[in-house]
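Student: my questions concern the predicted model and sequence given below.
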Amino acid sequence: NDTSMQHRNLNHMTREERFSEAMRRTLYALKVLLPREGWTPVGPEMKYLARAIKEFTFIIHAGVFIPCIMSYGTNEQIAKWFPLAADFRIIGTYAQTELGHGSFLRGLETIATYDRANQEFIINCPKITAMKWWPGDMGKSANHVLLMAELVIDGKKYGMHGFMVQIRDLTTHEPLPGVTVGDIGAKLSFESVDNGFLYLQNVRIPRENLLSKLSEVHPDGTYIKKGNQRLMYGSMVRVRVNLIAHEIVMPLAKACTIAVRYSAVRRQGLINPSKEEVPVLDYVAQQHKLLPQVATVFMAHFAAKQLVKMHHDYSLEVEKGNTSQLPELHALSAGMKACLSEQGAAGAEIVRRACGGHGYSCGSGLPFIVNRMLATCTYEGENTVMQLQCARYLIKCADQAKKDKLTGSVWYLSDFSNMSCTAQTFGDLQEPSVLVKLHERRAKCAVQHAGKKMQNMVKNGTPAHDAWNMMATLLINAARAHIMQYVVGTSVTYISELSCSASLKKILTQLCALYALHNINSNCGDFVKFGCLTSAQCDLAQEAEFNLLKQLRPDAVGIVDSFDFTDDILQSCLGAYDGNVYERLFEWAKQAPMNKTEVHQDSYQYLQPYLHEGRDVLEGRGRNSKL
Ligand SMILES: CCCCCCCCCCCCCCCCC/C=C/C(=O)SCCNC(=O)CCNC(=O)[C@H](O)C(C)(C)COP(=O)(O)OP(=O)(O)OC[C@H]1O[C@@H](n2cnc3c(N)ncnc32)[C@H](O)[C@@H]1OP(=O)(O)O
Ligand SMILES: Cc1cc2nc3c(=O)[nH]c(=O)nc-3n(C[C@H](O)[C@H](O)[C@H](O)COP(=O)(O)OP(=O)(O)OC[C@H]3O[C@@H](n4cnc5c(N)ncnc54)[C@H](O)[C@@H]3O)c2cc1C
């Protein structure tokens, strides 16, 4: 109810207005509304703030820069920079991606050369492709960057390391000497975020600014490795784990809230010619578009909770020096981020499109969500690259499964029990245990299929790297199958262990079955090809899905209401709680800047001569028509 927090209509603001409004609101929220003692920008409070603010600034500062200080800094470095960053007395970003490289980190070109005489690092972007490009909050907001650069000592390269680099004056906010920085311009979304470019030329930083938890450089230039160097990639794992809830589950839940509420209000056409127009939500085709996406919100939420727990447990182990869980966590987080962002972004577009013309209006609030979700398929690890990382781990595990009993998320690769499906009715295929087994078998077969294909190619003389490249599509499918079995399996377990009312558990079980069946029916080629289902059982799977749509239809609005988004955060004429769609759309349109005058003078000057000629002809004074 704090008017300082309420959103003005973002669609009727310029990009620069949105940029400064987002900063005002974010700082207001953080500085005024949060208890100051003890909160951290990545603490549980952020989850609630993120529900209250449509456009944040400082997501990278809070979601990446600060966690990196914790992950890569020594205790002294954390003690120095964390308090400043947590209170926004320094604003930072994570500057890794360059104009010429984003996925292939070993190709990054920014160099940090150690100057022994002055005990400094000299930072350089040797050519235009080395310029840092994309980091959020970097163009106009950040005064520091956590710069990922190639460390060079006496001409020898030591790989990518993290350096704290100040880029703007803390008094004037002007760029420091050797720093060229700015905004990269208009993007598909994130209008309020100043993704930036950063060109560094002979910028000097103290030796102490190398974040030295994992490695350090002594004054004489001696390089010391401390611990598993793979932890240098650790911040990306953490962000991939955290972004699922924040940037995939929540936006998809908002989109589903809007689309389901609108579909319950929008009457269009007849089902029974003798009855009145029906709400479009009564069309099974509409239910088939919307309800599986509602189910995805829940299943992705449950799986993300499990992944966050796994990351938390892993972090405790790393503190004890045990990094053994890192390979599985990397594979799972990379695969989950890629597959759920793919599903989520596609799902948001499906539900937007299900709202017809009004879904194409920014007044629906849906284009904002769809465009932002598209970014999740690219940032924090481009999806294809992440799926291949996941597949790399699966292929290794499949080889290991031939001799060892596997555990963890890949345990099913060493399950050689009979997994044939005996379902005779569509009810059998709604059973959670049957759905889990089907997904495990499909995933196991997909991984083995890709592995076998590559082995055969190598046996026939194809170099392993070429076989990998040629089978990439099968490897990506294997990664998707692995993640689907993980999401279905963890969701079934989570729901079964949930202490809640029987009626709620029934709905959640139905949603889980709907998610699994929708996935089966969308990929039935795999399920038949790998012998998981017969063609007749595929028909039953479709029947099972349609039956669940019918069962869930009466609760559809109640289910999305349970996401509990306020009208202010939805900013949607279609999804407002009161359902007054048409009045809201009309009011929203009238507020458009285009309508601040009855006649748009700038354009009228071009139209006027033609209009006056038309007037004269119609009033009998004008020359004959030119046509
Ligand atoms: C005040 C407001 C507050 C608001 C709310 C705050 C809350 C916020 C919550 C969170 C929300 C976050 C919002 C999201 C914003 C995101 C913004 C975007 C940021 C970015 O995009 S940062 C840049 C991201 N870039 C990447 O991800 C690059 C991807 N590329 C790579 O990771 C690597 O290049 C690679 C993995 C593809 C290849 O690397 P490399 O060549 O070195 O490795 P190989 O493939 O040869 O593999 C070598 C072995 O290393 C293992 N490996 C690879 N990566 C990792 C890893 N990350 N962890 C562990 N191990 C890793 C491989 O598995 C290989 O192992 P093997 O044993 O040899 O097989
Ligand atoms: C909204 C947004 C915010 C961002 N924020 C940040 C930030 O804060 N900090 C930061 O450092 N970066 C940030 N990024 C950059 C982001 O991390 C990179 O864009 C991402 O890592 C992809 O790298 P790239 O852009 O170089 O694409 P590329 O890697 O060049 O990919 C281009 C194409 O090549 C394909 N490809 C690449 N490698 C392979 C491979 N090995 N096998 C098969 N196909 C391959 C990809 O699949 C893709 O189709 C942001 C990006 C966006 C869009």
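Tutor: Great, that's in hand. Residues are numbered from 1 along each chain as shown. Ligands and ions are numbered 1, 2, ... in the order given.
Student: and the residue of the stretch 1-150 of the chain closest to ligand 1?
Tutor: Proximity of the stretch 1-150 of the chain to ligand 1 (C-beta to the nearest ligand atom) peaks at residue 63, 3.2 Å away. C-beta here means a position set from N, CA and C on the backbone, and glycine is covered the same way.
Student: you'd agree that residue is up against residue 241?
Tutor: No. Using C-beta atoms under 8 Å, residue 63 is not in contact with residue 241; the gap is 11.1 Å.
Student: count the residues that sit near the residue of the stretch 1-150 of the chain closest to ligand 1.
Tutor: 24 (other C-beta atoms under 10 Å).
Student: for it, which three-state class applies?
Tutor: helix (DSSP: H, G, I helix; E, B strand; the rest coil).
Student: so for it, what pLDDT did the model give?
Tutor: With respect to pLDDT, residue 63 has a value of 86.
Student: one more: residue 625?
Tutor: pLDDT recorded at residue 625 is 62.
Student: one more: residue 6?
Tutor: Residue 6 is given a pLDDT of 81.
Student: hang on, it packs against residue 568?
Tutor: Yes. Using C-beta under 8 Å, residue 6 is in contact with residue 568, at 5.5 Å.
Student: higher neighbour count, the two?
Tutor: Each of residue 6 and residue 568 has its neighbours counted (other C-beta under 10 Å); residue 568 has more, 14 against 11.
Student: tell me which helix or strand that one sits in.
Tutor: helix 567-570 (DSSP states H and E).
Student: next helix or strand past that helix?
Tutor: Helix 567-570 is succeeded, C-terminally, by helix 581-590 (DSSP H and E).
Student: how far does that next one sit from the chain's center?
Tutor: Taking C-alpha atoms, centre = their mean, to the nearest Å, the mean C-alpha location of helix 581-590 is offset from the chain mean by 31 Å.
Student: which parts of that helix are buried?
Tutor: For helix 581-590, burial by neighbour count (16 or more other C-beta atoms under 10 Å) applies to 581, 584, 585, 588.
Student: nearest to ligand 1 among these?
Tutor: The closest of the buried residues of helix 581-590, once distances to ligand 1 are taken by C-beta to the nearest ligand atom, is residue 588, at 26.9 Å.
Student: you'd agree the closest one is up against residue 364?
Tutor: No. In this structure residue 588 lies outside contact range of residue 364 using C-beta under 8 Å: 9.5 Å.
Student: what do those two both touch?
Tutor: residue 573 (C-beta atoms under 8 Å, 6 or more residues apart in numbering).
Student: would you quantify the distance from the residue nearest the centre of the chain to residue 248?
Tutor: Centroid-nearest residue in the chain, with C-alpha atoms, centre = their mean: residue 376, separated by 3.3 Å. Residue 376 sits 6 Å away from residue 248, going by C-beta to C-beta, to the nearest Å.
Student: please enumerate the shared neighbours of the two.
Tutor: The contact sets of residue 376 and residue 248 overlap at 341, 344 (C-beta under 8 Å, 6+ apart).
Student: residue 360 - how many residues pack around it?
Tutor: 13.
Student: from here on, call the first residue 609.
Tutor: Got it, the first residue is 609 from now on, which makes the last one we talked about residue 968.
Student: model confidence score at it, please.
Tutor: 98.
Student: check the one 3 residues further on too.
Tutor: For residue 971, the pLDDT comes out at 97.
Student: try residue 811
Tutor: 98.
Student: now do the buried residues in the host helix or strand of it.
Tutor: According to DSSP H and E, residue 811 maps onto strand 804-814. Across strand 804-814, burial judged by 16+ other C-beta under 10 Å covers 804, 805, 806, 807, 808, 811, 813.
Student: hmm, that strand in reach of ligand 1?
Tutor: No. Using C-beta under 6 Å from any ligand atom, strand 804-814 stays clear of ligand 1, coming no nearer than 12.5 Å.
Student: the helix or strand following that strand pairs with which strands, and in what direction?
Tutor: Counting by DSSP H and E, the element after strand 804-814 in chain order, helix or strand, is strand 823-825. Strand 823-825 has its sheet partners listed here by DSSP bridges as strand 831-833 (antiparallel).
Student: give me the contacts around the partner strand.
Tutor: By C-beta under 8 Å, 6+ apart, strand 831-833 touches 759, 761, 766, 822, 823, 824, 825, 826.
Student: of those residues, which ones also sit close to ligand 1?
Tutor: Within the contacts of strand 831-833, nothing lies near ligand 1 by C-beta under 6 Å from any ligand atom.
Student: got the residues you listed as a markdown table, with neighbour count and pLDDT columns?
Tutor: Converted to a markdown table, the contacts of strand 831-833 look like this (neighbours: other C-beta atoms under 10 Å; pLDDT from 0 to 100):
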| residue | neighbour count | pLDDT |
| --- | --- | --- |
| 759 | 21 | 98 |
| 761 | 17 | 98 |
| 766 | 16 | 96 |
| 822 | 20 | 94 |
| 823 | 20 | 96 |
| 824 | 17 | 97 |
| 825 | 22 | 98 |
| 826 | 11 | 98 |
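Student: out of those residues, the closest to ligand 2 would be?
Tutor: Nearest to ligand 2 among the contacts of strand 831-833, with distances taken as C-beta to the nearest ligand atom, is residue 759, at 17.4 Å.
Student: now do the same end-to-end measure for stretch 712-722.
Tutor: Terminal residues of stretch 712-722 lie 24 Å apart, using C-alpha to C-alpha, to the nearest Å.
Student: residues of it that come out buried?
Tutor: 713, 716, 717, 718, 719, 720, 721, 722.
Student: stretch 1095-1103 now?
Tutor: Buried, per 16+ other C-beta under 10 Å, within stretch 1095-1103: 1095, 1096, 1097, 1098, 1099, 1100, 1102, 1103.
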